[in-house]
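**Student:** sequence and predicted structure below; questions after.
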Amino acid sequence: MKWIVSRSLYALALSPGLLFAAEIDGTALSLAWSIPFVGILLSIALFPLFAGRIWHHHFGKITALWTLLFLIPFAVAFGLHDTVAVIVHALFAEYLPFIVLLFSLYTISGGILVGGNLHGSPRLNTALLAIGVALASLMGTTGAAMLMIRPLLRANDNRRHRVHVVVFFIFLVANIGGGLTPLGDPPLFLGFLKGVGFFWTVEHMLLPVLLSTLALLTLFYFVDRYFYAREDELLPSDPSPDSPLKLYGTVNFLLLGGVVGAVLLSGVWKPGAAFAVAGTPIELQNLMRDLLLVGLAGVSLTITPRQVRAGNDFDWGPILEVAKLFAGIFLTIVPVLAILRAGSEGGMAGLVAAVTHADGSPLDGMYFWMSGLLSGFLDNAPTYLVFFNLASGDAQVMMNDLPQTLLAVSMGSVFMGALSYIGNAPNFMVKAIADQRGVPMPSFFGYMGWSCAILLPWFVLLTLFFF
């Protein structure tokens, strides 16, 4: 009874608005509707730090609870029919394409094993980081990070000073390297799903990604050379003696090419055929893309030898965690996006004012920093959606009339995800693998000491150069 009463009071505290299909009138919604969304993001940020065991075993239940705290009051306020329409739209139009791409990239990249070992000199380490950056925009930051972190750790497992190697790996491979294409990082793929052109991203993100990569690789080389020179002596026995690198499961590179082709196909092939599910249009090109991606992942699972995946310690845990978390995120973000679409007439008018000139034009530098800082401490995919909708929400308007604003949101969401362990999913995965391999990784705030000292000055320079 207490549970029912508390939920009923929560529902009454919200301001009902008008709903048509999956579109909500954001001017009629109070900020209380954003509580479940913020709750999920804070849970992702804080539970792993302060209640890691609880989160590890119950993150799905915690996410489901926050999701129900949105859906139940929403059904009371708007009715069951409109609630179903919102669920269908969030899942079919946004969540499923998003998770299908991540699933295919995770599955296919998990079938590529880098065997052997080399000597972790500054020159080799810089080269491995550069390769990881190049791969990140083709196979996603998660795929590239999982592929490259193990050979990088093996190459340096006889060195005493190696924390900085992993830290720069997170900066470059797990974040900035994914900024070149919509395949690279989840925020950019969400933009692609919203209508941002595949090659718009390639063209406009090329210079920021290139400059950032060159600057950080150069800095890393000299930092690594400094620490390498300070090695009094290498560990007495190399846990993995030097041997030539060798690739296994190379057929999966062809399948990754198929992923690129499937995504491009959905962007250029417009047959004009669609069908509706509870008011949400499902376009033929998007359905074909998702079926192709699932098929390519299935082919990878079928033809890749089991020992290759075993060599990568491949399992479904990380992708299942992402799938559960983002199902809740994509549902609870619905009213937040509606309030943002309402602009100065909505409950987030103060946020709108903070990123807007007096004449109504966007402050691109503020879009870069606000989308970036929130990405660093919450999650960069939903943060991208928030500021994308705050600026306009219309991809054609963003690309043609507000290209610098779209660039600011893209750069901020992708680049500043490196500010903390929780800014982007691969960050914590890389830390976990490094911990398992005996690398004394810094604490949450210790890592932020590295990121703030190295990245924030560079982001200031990017702001002056681009915005």
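**Tutor:** All right, it came through fine.
**Student:** how about the helices in the stretch 151-300 of the chain?
**Tutor:** Along the stretch 151-300 of the chain, counting by DSSP state H, counting those that start in this stretch, helices occupy 163-172, 186-193, 198-229, 251-268, 284-303.
**Student:** helices of the stretch 301-450 of the chain, start to end?
**Tutor:** Going by DSSP H, counting those that start in this stretch, the stretch 301-450 of the chain shows helices at 306-311, 317-332, 334-341, 349-354, 364-377, 380-391, 395-400, 403-415, 425-436, 444-466.
**Student:** mean neighbour count and distance to L96 for those - can I get that in TSV?
**Tutor:** (C-beta placed from N, C-alpha, C; glycine too.) Output for the helices of the stretch 301-450 of the chain, formatted as TSV (neighbours: other C-beta atoms under 10 Å; distance: least, C-beta to C-beta, whole Å):
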stretch	mean neighbour count	distance to L96
helix 306-311	14	25
helix 317-332	20	9
helix 334-341	23	15
helix 349-354	14	29
helix 364-377	23	23
helix 380-391	26	14
helix 395-400	16	19
helix 403-415	27	21
helix 425-436	20	18
helix 444-466	15	32
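**Student:** mind putting those helices into TSV with distance to L124 and mean pLDDT?
**Tutor:** Output for these, formatted as TSV (distance: least, C-beta to C-beta, whole Å; pLDDT from 0 to 100):
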stretch	distance to L124	mean pLDDT
helix 306-311	21	89
helix 317-332	27	87
helix 334-341	45	83
helix 349-354	45	82
helix 364-377	30	90
helix 380-391	30	84
helix 395-400	40	94
helix 403-415	26	96
helix 425-436	18	81
helix 444-466	21	94
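**Student:** including mean neighbour count and distance to L49, could the helices of the stretch 151-300 of the chain go into a markdown table?
**Tutor:** Listed next are the helices of the stretch 151-300 of the chain as a markdown table, based on neighbours: other C-beta under 10 Å; distance: least, C-beta to C-beta, whole Å:
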| stretch | mean neighbour count | distance to L49 |
| --- | --- | --- |
| helix 163-172 | 24 | 17 |
| helix 186-193 | 25 | 22 |
| helix 198-229 | 17 | 26 |
| helix 251-268 | 18 | 34 |
| helix 284-303 | 17 | 32 |
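**Student:** and the helices of the stretch 301-450 of the chain as TSV, adding distance to M205?
**Tutor:** Converted to TSV, those look like this (distance: least, C-beta to C-beta, whole Å):
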stretch	distance to M205
helix 306-311	32
helix 317-332	23
helix 334-341	23
helix 349-354	25
helix 364-377	13
helix 380-391	13
helix 395-400	13
helix 403-415	6
helix 425-436	18
helix 444-466	11
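**Student:** show me the shaky parts of the stretch 1-150 of the chain.
**Tutor:** Low-confidence segments of the stretch 1-150 of the chain (pLDDT under 70): 1-23.
**Student:** do you know how far V308 is from G115?
**Tutor:** Counting by C-beta to C-beta, to the nearest Å, the gap from V308 to G115 is 9 Å.
**Student:** overlap in contacts of the two?
**Tutor:** Y248 (C-beta atoms under 8 Å, 6 or more residues apart in numbering).
**Student:** how much space between the closest residue to A354 other than its chain neighbours and F467?
**Tutor:** Excluding the flanking residues, the one nearest A354 by C-beta to C-beta, 6 or more residues apart in numbering is M366, at 6.3 Å. The spacing between M366 and F467, counted by C-beta to C-beta, is 9 Å.
**Student:** how about A32?
**Tutor:** Going from A32 to F467 by C-beta to C-beta gives 34 Å.
**Student:** is it true that Y228 touches R123?
**Tutor:** No - Y228 lies out of contact with R123 (C-beta atoms under 8 Å); the separation is 9.9 Å.
**Student:** overlap of the contact sets of the two?
**Tutor:** Contact criterion C-beta under 8 Å, 6+ apart; residues shared by Y228 and R123: none found.
**Student:** mind listing what I62 touches?
**Tutor:** 43, 47, 55.
**Student:** out of these, who has the most neighbours?
**Tutor:** S43 (19 neighbours; other C-beta atoms under 10 Å).
**Student:** looks like that residue contacts T63 (just checking).
**Tutor:** Yes - using C-beta under 8 Å, S43 is in contact with T63, at 7.3 Å.
**Student:** dihedrals phi and psi, D401?
**Tutor:** Main-chain dihedrals, D401, degrees, to the nearest 10: phi -100, psi -30.
**Student:** excluding chain neighbours, what is closest to it?
**Tutor:** That would be S392: by C-beta to C-beta, 6+ apart, it lies 8.0 Å from D401.
**Student:** what about the one you found, how many neighbours?
**Tutor:** Neighbours of S392 (other C-beta under 10 Å): 18.
**Student:** quick check: closest non-adjacent residue to the residue sitting nearest the centre point of the chain.
**Tutor:** When C-alpha atoms, centre = their mean is applied to the chain, the residue found nearest the centroid is P186 (4.0 Å). In space, and not counting its chain neighbours, P186 is closest to A381: 4.1 Å by C-beta to C-beta, 6+ apart.
**Student:** swap in R123?
**Tutor:** Closest residue to R123 apart from its sequence neighbours, by C-beta to C-beta, 6+ apart: Y221 at 7.6 Å.
**Student:** now swap in V299 and tell me
**Tutor:** L255 (6.2 Å).
**Student:** next up, the contacts around that neighbour.
**Tutor:** 108, 111, 296, 299-300.
**Student:** same check on I333?
**Tutor:** 37, 90, 382, 385-386 are the contacts of I333 under C-beta under 8 Å, 6+ apart.
**Student:** what is the most widely separated pair among these?
**Tutor:** A90 and V386 (14.8 Å; C-beta to C-beta).
**Student:** what's around G140, how many residues?
**Tutor:** 30.
**Student:** L461 and L180: what is the separation?
**Tutor:** Separation of L461 from L180 (C-beta to C-beta): 20 Å.
**Student:** also F78?
**Tutor:** Where L180 is concerned, F78 sits at a distance of 41 Å (C-beta to C-beta).
**Student:** more neighbours: those two, which one.
**Tutor:** L180 (25 against 17).
**Student:** surely the more buried one and S137 touch.
**Tutor:** Yes - between L180 and S137 there is a contact under C-beta under 8 Å: 3.6 Å.
**Student:** joint contacts of the two?
**Tutor:** In contact with both L180 and S137: V209, using C-beta under 8 Å, 6+ apart.
**Student:** once you drop chain neighbours, what's closest to I319?
**Tutor:** Nearest residue to I319, sequence neighbours excluded (C-beta to C-beta, 6+ apart): Y106, at 4.9 Å.
**Student:** could you pull up the residues touching R162?
**Tutor:** Counting by C-beta under 8 Å, 6+ apart, R162 has contacts 120, 153, 156, 439.
**Student:** 10 Å - rerun?
**Tutor:** 120, 125, 152-153, 155-156, 224, 227-228, 231, 434, 437-441 (C-beta atoms under 10 Å, 6 or more residues apart in numbering).
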